[in-house]
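Q: got a structure for you, letters missing:
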């Protein structure tokens, strides 16, 4: 199994605090020692930092914590390998172009019987069930919508139907973003919260780190965070029901 | 215009020395201040570090120099913008999946009349002539070879024909790699050399840095470097003739 972390915000926002909760779980406070990665969107572009090393000792992870990149959409993942060896090509998140945008995906769980999934022109590069499932979703999307769709909530509803089909093959917790929308599909475990004014203090569960969001926000800021398990102990994390999904657009939950 | 840097090697090799010559040209010793990027292949996987900031003051560039990633194929680029604003989505190199591998591309030059290039299912994300040309090449490839080809020199010969068509639209110096092969197509300026045993000393032209490759290589190592302009003053850089291309496979020039 793995852990997921996602963020959606209405202003470019630094995710360092949440990342400080996730990174030690990659081999130190948690067992997810088989690589980690994070994708930051900045406008239409995105950049991914990944490392097949455990995140708690990864120089790339240290760099990302020391050089906070401000982003409106973030997808991060720490990996405990089941399908596919420990290597860069098997390290999440995965990004592919669809409809002229970067789509980024990370999966927590394990699938059986995934080899028969048809991926068309989206061929997997690594050996994971996760990337195969992503390619299948993209191929289903491009088959249903050969032209760029315009009604996005309907597209994400369709993606949730696809995710439910994958869940029948095992465990399929997923984060997906095109840089504007951030979608979280829950198969077993996913939690979320939205921070907005009046901002308060938050304290990490894993580390002795506290932050006062009042000091680093504007009153109009809206920031939502999604994580496999709650990262803080004094905030109101909500569980996504298994089989359900939620959708954020620039910080606000819209579905 | 921009500057290109590529490497092909038969063992995972650290490109820090060459990078120390390139990075100051990004806004300090050269005018290419509009972002920079580098892609390292590690097996089937690759990771890209990019920054729309000038490379000479980019924290990402400093990190890449301090944390040498060993790779058998590298593509790097420093940008001086002409088409497309300074932003992450317009920062080279660009990577797309084709035939189940990551293909990475960087372009130096400027094209006219590129808007009519047909890119099929490979849609550009940013606004550059460069990415549009890359998508056109990929679409031409997938049209000619709907299934994964097996005779690779023929594929690169075909890519060179495509590059020559693009050169008719302006200046088109290009580096392209699938992680095994590294191709360099010259429109105006590209130079290369191969380092092999007996290894000697090399001194950068741009910086007061000297390296003794004897100290950090094995006798069987073969490493080729491609750059817009020679990076060192005491080595035998060869110019690629305009309209010609060369192809490397794991360090050795094969075409």
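A: Right, received. Where do you want to start? Predicted model only: the values in this text are computed from it and were never measured. Residues are numbered from 1 along each chain as shown, chains lettered A, B, ... in the order given.

Q: can you pull the pLDDT of the closest residue to chain B within the stretch 51-200 of chain A?
A: Of all residues in the stretch 51-200 of chain A, residue A:88 sits closest to chain B, at 2.8 Å by C-beta to the nearest C-beta. For every residue, glycine as well, the C-beta is placed using N, CA and C. Residue A:88 carries a pLDDT value of 96.

Q: And for it, the neighbour number?
A: Neighbour count of residue A:88, defined by other C-beta atoms under 10 Å in any protein chain shown: 22.

Q: Tell me who's in contact with the residue nearest to it when sequence neighbours are not counted.
A: Nearest residue to residue A:88, sequence neighbours excluded (C-beta to C-beta, 6 or more residues apart in numbering or on different chains): residue B:45, at 2.8 Å. Contact analysis of residue B:45 by C-beta atoms under 8 Å, 6 or more residues apart in numbering or on different chains lists A:87, A:88, A:89, A:90, A:91, A:125, A:126, B:102.

Q: beta partners of the residue nearest the centre of chain A?
A: The centre of chain A sits closest to residue A:75, judged by C-alpha atoms, centre = their mean, with a distance of 3.5 Å. Beta bridges link residue A:75 to residue A:6, residue A:39 when assigned by DSSP bridges.

Q: is it true that it touches residue A:107?
A: No - Residue A:75 lies out of contact with residue A:107 (C-beta atoms under 8 Å); the separation is 10.6 Å.

Q: residues from the stretch 51-200 of chain A in reach of chain B?
A: Selection of the stretch 51-200 of chain A residues close to chain B by C-beta under 8 Å from any C-beta of the partner chain yields A:59-60, A:63, A:67, A:87-91, A:96-97, A:99-102, A:121-126, A:142.

Q: Just the buried ones from those residues?
A: A:60, A:63, A:87-91, A:96-97, A:99, A:101-102, A:121-126, A:142 (16 or more other C-beta atoms under 10 Å in any protein chain shown).

Q: buried set for stretch A:239-253?
A: So stretch A:239-253, judged by 16+ other C-beta under 10 Å, has buried residues A:240, A:245, A:246, A:247, A:248, A:249, A:250, A:251, A:253.

Q: and residue A:136, that's in a strand?
A: No - inclusion of residue A:136 in a strand is not indicated when DSSP: H, G, I helix; E, B strand; the rest coil is applied; the result is helix.

Q: and the closest residue to it other than its chain neighbours, what are its phi and psi?
A: Excluding its sequence neighbours, the residue lying closest to residue A:136 (C-beta to C-beta, 6+ apart) is residue A:117, at 4.0 Å. Main-chain dihedrals, residue A:117, degrees, to the nearest 10: phi -60, psi 130.

Q: Show the contacting residues for residue A:117.
A: Here residue A:117 is in contact with A:132, A:133, A:135, A:136 (C-beta under 8 Å, 6+ apart).

Q: Reformat the residues you listed as JSON lines; add distance to residue A:26.
A: Output for the contacts of residue A:117, formatted as JSON lines (distance: C-beta to C-beta, whole Å):
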{"residue": "A:132", "distance to residue A:26": "23"}
{"residue": "A:133", "distance to residue A:26": "22"}
{"residue": "A:135", "distance to residue A:26": "25"}
{"residue": "A:136", "distance to residue A:26": "27"}
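
Q: How much space separates residue A:149 from residue A:181?
A: Per C-beta to C-beta, to the nearest Å, residue A:149 is found 12 Å from residue A:181.

Q: no no, residue A:228
A: Taking C-beta to C-beta, one finds residue A:228 at 20 Å from residue A:181.

Q: between the two, who's got more neighbours?
A: The neighbour count for residue A:228 versus residue A:181, taken as other C-beta under 10 Å, is higher for residue A:228 (24 against 21).

Q: Residue A:161 - how many residues pack around it?
A: Neighbours around residue A:161, by other C-beta under 10 Å: 11.

Q: What of residue A:225?
A: That count, for residue A:225 with other C-beta under 10 Å as the rule, works out to 28.

Q: Check which element follows the helix or strand hosting it along the chain.
A: Taking DSSP states H and E as the criterion, residue A:225 maps to strand A:222-227. Where DSSP H and E defines the elements, the next helix or strand beyond strand A:222-227 is strand A:238-239.

Q: Tell me the first helix or strand C-terminal of that following strand.
A: Counting by DSSP H and E, what follows strand A:238-239 is strand A:245-249.

Q: So residue A:49 belongs to a strand, correct?
A: Yes - assessed with three-state DSSP, residue A:49 lies in a strand.

Q: Kindly confirm whether my reading is correct that it touches residue A:37.
A: Yes - in terms of C-beta under 8 Å, residue A:49 counts as a neighbour of residue A:37; the distance is 6.7 Å.

Q: And residue A:249, what's its pLDDT?
A: Note on residue A:249: pLDDT of 98.

Q: all helices in the stretch 151-255 of chain A, in order from the N-terminus.
A: Taking DSSP state H, counting those that start in this stretch, the helices of the stretch 151-255 of chain A run over residues A:152-167.

Q: Could you check how far residue A:142 is from residue B:123?
A: 11 Å.

Q: Quick one: neighbours of residue A:203, just the number.
A: Per other C-beta under 10 Å, the neighbour tally for residue A:203 reads 15.

Q: List the contacts of the closest residue to it other than its chain neighbours.
A: By the measure of C-beta to C-beta, 6+ apart, the closest residue to residue A:203 outside its immediate chain neighbours is residue A:210, 4.5 Å from it. Residue A:210 is in contact with A:201, A:202, A:203, A:204, counting by C-beta under 8 Å, 6+ apart.

Q: Let me know the pLDDT of residue A:188.
A: At residue A:188, the model reports a pLDDT of 98.

Q: wouldn't it be in contact with residue A:110 here?
A: No - at 10.7 Å, residue A:188 and residue A:110 do not qualify as touching, with contact defined as C-beta under 8 Å.

Q: which residues do those two both contact?
A: With C-beta under 8 Å, 6+ apart as the test, residue A:188 and residue A:110 both reach residue A:171.
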